[in-house]
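> I'll drop the sequence and a predicted model, then ask my questions.
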Amino acid sequence: MADSNVLARCNLFAVLRGIEYLAEHDSECAELIKDTNLSIQFNVKDGPRGNLSFRDGKVQMKEGKHKSTILLYFTSPEHFNKMIDGSGNPIPLKGFTKIGFLTGPFMKLADKLNYYLRPEGVLLDDPEYFRINTEMTAYTAFFALAEIGNHDRKGKLSASHMPDGVLQVRVEEGIGVQLHVNKGVLSCVKGHHEDPRAILSFSSLESAHKVLNGKLDTFTGLGNGEMSMRGFIPMLDNMNPLLDMIPLYLA
Amino acid sequence: MTETKEAKALNSYTKSNELFQRALKVIPTGIPGHLGPVQSQFIPTSAFPLYAEKVKDSYFWDLDGNRFIDYMCAYGPNVLGYNNDTVDQAAREQYDKGNCMALPGRKQVEFAELLVDTIEAADWAFFMKNGGDATSFARMIAHAATGRDKVITVQGGYHGVAPWTQPITHAGITEGDVANNLIVPWNDAAAVERLVKQYPGRIAAFMATPYDHRVFADNALPEEGYWQKIRKICDENGIVLIIDDVRCGFRLDLAGSAKYFGFKPDLTCYCKALANGYPISAVVGADSLKDAASKVFYTGSYWSSAAPMAAGIACINELKRLDGANLMIEKGKKLTDGLVKAAAAADLDLKVTGVPSMFYMRLTNDDSLMMQQEFTAECARRGVFFTSHHNHFINCSLTDDDISETITVAAEAFSVVARNNPGRLNK
């Protein structure tokens, strides 16, 4: 069963973080925020705190309490999760003069997140949409995986068995996500590491898409060559149960 | 001079891969379990064969006709050499008379008598099929004998695939399955003592392999006096001492790996080398636990099959005739000394651990095993079958020529690894 606090962390630090990517890869989103300089603090009672800042056309999600223009309060993780589902509203505590950003550009960014993360109809037939959908799904999944490994009761067990080092997940000739492991604590970083201890590779964006969307299981993928692994395998072995838990939180 | 694959084409695996594609459609993971390519021993998968066509002595041939000198020995069962004539003849004769029958055959008694005569800590023997059958039975005997619920095992120890042997994080395992497991580090008798104090009257057994031969790590022998301390703790607290000799059995000492390390367990589990590949495993034990073993209901459709028992009798007698354990230790030493030298010649550091008859090796020039994976892949492409994360196995049929060819191939493989990793060579 999904833990509502872990779900809130996944929604904040994995799903909403997708706005970072949108600002870089979607021209409409880039246009929306190009002149925006503000930050939104999300404070969830008995749950996570995070800050989404917009500066000079760039977006950054940071964990914890930071200086903010807008402060949004949530009475519980469930309350925050409802906002992400579109069935609840935040309680603004600061930045009333900037509410227009929330109801305008921010809502459009949220709609774009939904547009790319929940494909409908023939959208995936468009190669550019396919690329963005797959890359965003990958980032979202692995940032969520770190939250699950750090905070879900069973996830923590798997993370505690992961040896220290950097586990690189990558698409051949494409994006990379690094999972840093330090004494059972996970952190996720975008990009490619110079000296990872283990590597999980997808042979193509198509293969990554199939695995991330449950259309190809990892065992078959590893068997048929669409995926490969090397390096210190106990890192991957103990990440696998965490991968299996992602649909519990991001379905 | 041995001709190697360097001068010829390296191995390719077209037929193996074609069959594997068929398998993926009808068998989960294509090749399930420890022999499958997704279990991380084949990195990259393209360097390794996936199916064997035939075997003899120290070799297997894959579907594409490539021959390999095999240092995995079917993960242990090949102890005399594949298709050993003496063992196969004994099995064939018993198959002709009868194998799976309505009653056990005389071979069951004869095999039990032979094990009791051979293994120092054996007053009786009980047969089943796989190593995991044996470890689960041994645990049940301990529970039955003591009326206690907890069992101590060693971190990283492998005792099969029954739910109690697996971590809670594995698919299909529930918290209840592992609720009575207590884990200690290897070589840490003080940790065992602490658990005994923490759970007074609750601990039924201490179960461990004779030495730490876990995967993905340098193997570690028991420290001086370790087993004697464990024996004492068990004696003083009514705890059953179980040795999982499934992997080491008959490769350290024919009288039991416990004898090799100078102690006497209450129960010992055997499989792998017991019958040179015929399906059979056994628990042997002290007379004091014979009643408890009798009370535990434990059986299977094929557990009394006579042919594997005939094979087992022939196998143990051949191992005795050859002084098999010492022979394999000697061959393992000769091989690993040559491998270490070949690595050093390429400015690489190969570390060999464990007992030479089931050595573990890794290149220490990185901490990720990537160079070791490159090495084993290059060896496979040239016809020598190692794995990158598991201990290896020597068998009695390995010849000096096999060892020499292996070292030649390894030298080529090390040179490829060195070429690919110029920044990681020995200083």
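Received it, and whenever you're ready, just let me know what you need. Numbers count the residues shown, from 1 in each chain, chains lettered A, B, ... in the order given.

> would you mind pulling up the elements that the helix or strand harbouring B:Gln373 packs against?
For B:Gln373, the enclosing helix or strand under DSSP states H and E is helix B:370-381. Counting contacts by 3 or more Cβ pairs under 8 Å, 6 or more residues apart in numbering or on different chains; DSSP states H and E, the secondary-structure elements packed against helix B:370-381 are strand A:227-231, strand B:360-363, helix B:400-420. Quick note: C-beta positions are derived from backbone N, CA and C, even for glycine.

> lowest average pLDDT across these?
When the helices and strands packed on helix B:370-381 are compared on mean pLDDT, strand A:227-231 scores lowest, with a mean of 94.

> off-centre distance for that strand?
If you compare the mean C-alpha spot of strand A:227-231 with that of the full chain, they lie 23 Å apart, counting by Cα atoms, centre = their mean, to the nearest Å.

> past that strand, which element shows up next along the chain?
Using DSSP H and E, the helix or strand that follows strand A:227-231 towards the C-terminus is helix A:233-250.

> quick one: average confidence on that next one?
Helix A:233-250 shows a mean pLDDT of 92.

> and what of stretch B:154-162?
The predicted model gives stretch B:154-162 an average pLDDT of 97.

> of the helices and strands packed on helix B:370-381, which stretch is the most buried?
Mean neighbours per residue, mean count of other Cβ atoms under 10 Å in any protein chain shown, is largest over the helices and strands packed on helix B:370-381 for strand B:360-363, with a mean of 24.

> if we look at that strand, which residues are touching it?
Counting by Cβ atoms under 8 Å, 6 or more residues apart in numbering or on different chains, strand B:360-363 makes contact with B:213, B:217-219, B:336, B:339, B:343, B:348-354, B:369, B:371-372, B:375, B:386, B:388, B:390-392, B:417, all of which sit outside it.

> in its sheet, what does it sit against?
Taking DSSP bridges as the criterion, strand B:360-363 forms sheet pairs with strand B:350-353 (antiparallel).

> chain A contacts on chain B?
B:20-21, B:24, B:28-31, B:36-38, B:40, B:43-46, B:167-171, B:216, B:367-370, B:373, B:389 (Cβ under 8 Å from any Cβ of the partner chain).

> okay, and which of those residues map to helices?
When the residues of chain B next to chain A are checked against helices (DSSP state H), the matches are B:20-21, B:24, B:370, B:373.

> among those residues, who's most crowded?
In terms of neighbours by other Cβ atoms under 10 Å in any protein chain shown, these top out with B:Gln373 at 28 neighbours.

> wait, that one sits on A:Arg230?
Yes: if you go by Cβ atoms under 8 Å, B:Gln373 and A:Arg230 touch, sitting 5.5 Å apart.

> any residues in contact with both of these two?
The contact sets of B:Gln373 and A:Arg230 overlap at B:Ile43 (Cβ under 8 Å, 6+ apart).

> from the ones in helices among the residues of chain B next to chain A, which two are the most distant?
With distances taken as Cβ to Cβ, the most widely separated pair in these is B:Gln21 and B:Met370, at 27.4 Å.

> do you know how far A:Ala14 is from A:Lys215?
If you measure A:Ala14 against A:Lys215 using Cβ to Cβ, to the nearest Å, the figure is 21 Å.

> higher neighbour count, these two?
Regarding A:Ala14 and A:Lys215, a neighbour count based on other Cβ under 10 Å identifies A:Ala14 as having more, with 24 against 9.

> enumerate every residue touching that one.
Contacts for A:Ala14 (Cβ under 8 Å, 6+ apart) come out as A:139-141, A:143-144, A:147, A:250.

> let me know the pLDDT of it.
Looking at A:Ala14, its pLDDT reads 97.

> what's the answer for B:Lys8, then?
pLDDT, read off for B:Lys8, is 64.

> can you check B:His389 too?
Per-residue confidence at B:His389 stands at 94 (pLDDT).

> ok, it - contacts?
By Cβ under 8 Å, 6+ apart, the contact set of B:His389 is A:233, B:40-41, B:215-216, B:369, B:372.

> mind redoing it with 6 Å?
B:215-216 (Cβ atoms under 6 Å, 6 or more residues apart in numbering or on different chains).

> against B:Ala273, how distant is it?
In this structure, B:His389 lies at 21 Å from B:Ala273, with Cβ to Cβ as the measure.

> for A:Lys45, same thing?
In this structure, A:Lys45 lies at 62 Å from B:Ala273, with Cβ to Cβ as the measure.

> where's A:Leu113, which helix or strand?
Short version, using DSSP H and E: A:Leu113 is in helix A:107-117.

> picking up where we left off before, need the CA coordinates for the helix holding B:Gln373. PDB is fine.
Below are the C-alpha coordinates for helix B:370-381, written out as PDB (Å, rounded to 0.1, in the frame of the first residue of the first chain):
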ATOM      1  CA  MET B 370      33.800  -4.100 -14.600                       C
ATOM      2  CA  MET B 371      37.400  -5.100 -15.500                       C
ATOM      3  CA  GLN B 372      36.700  -8.600 -14.100                       C
ATOM      4  CA  GLN B 373      33.600  -8.700 -16.300                       C
ATOM      5  CA  GLU B 374      35.700  -7.700 -19.300                       C
ATOM      6  CA  PHE B 375      38.200 -10.400 -18.500                       C
ATOM      7  CA  THR B 376      35.700 -13.200 -18.200                       C
ATOM      8  CA  ALA B 377      34.000 -12.000 -21.400                       C
ATOM      9  CA  GLU B 378      37.300 -12.100 -23.300                       C
ATOM     10  CA  CYS B 379      38.000 -15.500 -21.900                       C
ATOM     11  CA  ALA B 380      34.500 -16.800 -23.000                       C
ATOM     12  CA  ARG B 381      35.100 -15.400 -26.500                       C
END
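
> which neighbouring elements make contact with whatever helix or strand comes next after that helix?
Stepping forward along the backbone from helix B:370-381, the first helix or strand reached (DSSP H and E) is strand B:384-385. Packed against strand B:384-385, as judged by 3 or more Cβ pairs under 6 Å, 6 or more residues apart in numbering or on different chains; DSSP states H and E, are the following elements: strand B:67-70.

> who are the contact partners of the closest residue to B:Thr364 other than its chain neighbours?
Spatially, and ignoring its direct neighbours in sequence, B:Thr364 is nearest to B:Asp349 (4.6 Å; Cβ to Cβ, 6 or more residues apart in numbering or on different chains). Taking Cβ under 6 Å, 6+ apart as the definition of contact, the neighbours of B:Asp349 are B:364-365, B:426.

> near chain B, which residues of the stretch 101-250 of chain A?
A:157-158, A:197, A:219-220, A:222-223, A:228, A:230-234, A:241 (Cβ under 6 Å from any Cβ of the partner chain).

> try 7 Å
When proximity is defined as Cβ under 7 Å from any Cβ of the partner chain, the stretch 101-250 of chain A approaches chain B at A:157-158, A:161, A:197-198, A:219-220, A:222-225, A:228-234, A:238, A:241.

> name the residues that touch the host helix or strand of B:Arg139?
According to DSSP H and E, B:Arg139 maps onto helix B:131-146. With contact meaning Cβ atoms under 7 Å, 6 or more residues apart in numbering or on different chains, helix B:131-146 is reached by B:126, B:128, B:151, B:159-162, B:165, B:204-205, B:207, B:238, B:240, B:242, B:244, B:246, B:267, B:269-272, B:281-283, B:289, B:292-293, B:295-296, B:298.

> name the residues of stretch A:229-249 that are buried.
Applying a neighbour-count criterion of 16 or more other Cβ atoms under 10 Å in any protein chain shown, the buried positions in stretch A:229-249 are A:229-243, A:245-246, A:248-249.

> I appreciate the help and will end here.
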